[in-house]
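Trainee: the following comprises the amino acid sequence and a computationally predicted model.
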Amino acid sequence: YPELDKQLAVAERIYISKRDVADASGAQAFISEHNPDAEVLDTPAALFSTWGKEKKYKVSLQTHGRIGRREHFSGIRGYAFRPPAPITWAGWSAWSRLAREEFGARLIRVKGLLQIEDSIAFVQGVQGVFHPPQRFPDWPDDDRENRLVCISRDVPEEEIALTLPALNTPAGTQAHYSMQELRERYAHR
């Protein structure tokens, strides 16, 4: 998967909600490691409030490509992938099922923008629960490549990367993969 080494755009501001991280200490550890000077706000409304003070944000996450190369004390790590085309609806179903069964709650957060057959889809999941994808008529920006970000606790990058070929399941099939099967299949390549 040489596509895995491509870089993602850097965000100027990141909002981490309670859904994104199971416990507040995980979010705080992520913020502290990557930008200890970042202003931490208690509510989404605080992002837009100027009442009583002038907002001066110092948020500048200097991360390219893979996220969080160092292990956090809590084992939380983030990885950015560029899954190759073609991705199918059967593939998304097979991958999300495999990720849920294999990683469960250890896969804290998944977000992605994928071209799935004839649609651009925003996909997301929290601790093994995947939400219905939102379809868009076109890419929201000039980057027209698939992107998938996975934040996990105690799951090595290689284990998540090993599951990505499930996204390429042929349309119209009901594939059900196991990690053992994928290990055997890709050990021979």
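Mentor: Thanks, I have it.
Trainee: only C-alpha atoms from now on, for both contacts and neighbour counts.
Mentor: Noted.
Trainee: what helices or strands is the top helix by length along the chain leaning on?
Mentor: For the chain, the longest helix by residue count, based on DSSP state H, is helix 89-103. Where contact means 3 or more C-alpha pairs under 8 Å, 6 or more residues apart in numbering; DSSP states H and E, helix 89-103 is packed against strand 107-116, helix 157-163.
Trainee: hey, which of these is tucked in deepest?
Mentor: strand 107-116 (a mean of 23; mean count of other C-alpha atoms under 10 Å).
Trainee: would you check how far apart the closest residue to residue 105 other than its chain neighbours and residue 85 are?
Mentor: The shortest distance from residue 105 to any non-neighbouring residue, by C-alpha to C-alpha, 6 or more residues apart in numbering, is to residue 127 (3.9 Å). Distance, residue 127 to residue 85, by C-alpha to C-alpha, to the nearest Å: 25 Å.
Trainee: compare the two (neighbour count), which wins?
Mentor: Each of residue 127 and residue 85 has its neighbours counted (other C-alpha atoms under 10 Å); residue 127 has more, 21 against 15.
Trainee: strands of the protein, start to end?
Mentor: 76-81, 107-116, 119-126, 129-130, 134-136, 147-153 (DSSP state E).
Trainee: what does the longest helix of the chain rub up against?
Mentor: Applying C-alpha atoms under 8 Å, 6 or more residues apart in numbering, the contact partners of helix 89-103 are 107, 116-117, 127-130, 155, 160, 163-164, 166-179.
Trainee: tell me the buried residues in it?
Mentor: Across helix 89-103, burial judged by 16 or more other C-alpha atoms under 10 Å covers 89-100, 102-103.
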